[in-house]
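Asks: I would like the atomic coordinates for the input below:
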Amino acid sequence: MRIAARQAEGEEPINMTPLIDMVFLLLVFFLVATSFAQEERDHRVKLPVTSTPRPLSAPPQQVVINILQDGTIRVGAKTMDHRQLGELLGHVARNQPDRMVLIRADERSTFRYFAAVVALCRRVGIAEARIGYIEAGRGTAAE
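Replies: Below is the predicted model:
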């Protein structure tokens, strides 16, 4: 025999619908925000492999420079020449000195493309430029 639970007079059951709606909206927001964070990495760049392990952590806000095999420089979805890249990096060095630069050079490209971008970073006053690579054996990018 079932016994009905007594409800206090005037007390209504809790409506969970708004809470469930909010959880789904937050889930969609974080899925979309995560995909935007990955847009700057050009997937045509094949990173070199290193044997030195390095712990991965959440990357800080940074400028991601992709150097393709033929020496083409891409920042985000935009292709740039050295003059445009110099203007962008100069603006970053003056206005956001704590913002880091990540250089992702294709391992099949010649070293001169990478060296030119590093020299440009130093010339405009970028304090630190990091290099993207993949750890050997783990297959994870250490950027």
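Asks: Residue 29 and residue 71, how far apart?
Replies: Relative to residue 71, residue 29 is positioned 38 Å away (Cβ to Cβ, to the nearest Å). Heads up, the C-betas are built off the backbone N, CA and C, glycines and all.
Asks: Of those two, which one has the most company?
Replies: Counted by other Cβ atoms under 10 Å, residue 29 and residue 71 do not tie: residue 71 has more neighbours, with 15 against 10.
Asks: and the gap between residue 124 and residue 88?
Replies: 9 Å.
Asks: next one: residue 23
Replies: On the measure of Cβ to Cβ, residue 23 and residue 88 end up 39 Å apart.
Asks: and the two? which has more neighbours close in?
Replies: Per other Cβ under 10 Å, whichever of residue 23 and residue 88 has more neighbours is residue 88, with 17 against 11.
Asks: quick one: contacts for the more buried one?
Replies: 63, 75, 80 (Cβ atoms under 8 Å, 6 or more residues apart in numbering).
Asks: which SSE is the first one in?
Replies: Mapping residue 63 onto the secondary structure by DSSP states H and E places it in strand 62-67.
Asks: following that strand, which helix or strand comes up?
Replies: Next element after strand 62-67 (DSSP H and E): strand 73-75.
Asks: which helices and strands does the next helix or strand after that next one pack with?
Replies: Sequence order places strand 78-80 as the next helix or strand after strand 73-75, per DSSP H and E. Applying 3 or more Cβ pairs under 8 Å, 6 or more residues apart in numbering; DSSP states H and E, we find strand 78-80 packed against strand 73-75.
Asks: Partner strands of the strand it packs on, with direction?
Replies: Taking DSSP bridges as the criterion, strand 73-75 pairs within the sheet with strand 62-67 (antiparallel), strand 78-80 (antiparallel).
Asks: can you give me the helices in this structure?
Replies: 17-37, 82-95, 111-124 (DSSP state H).
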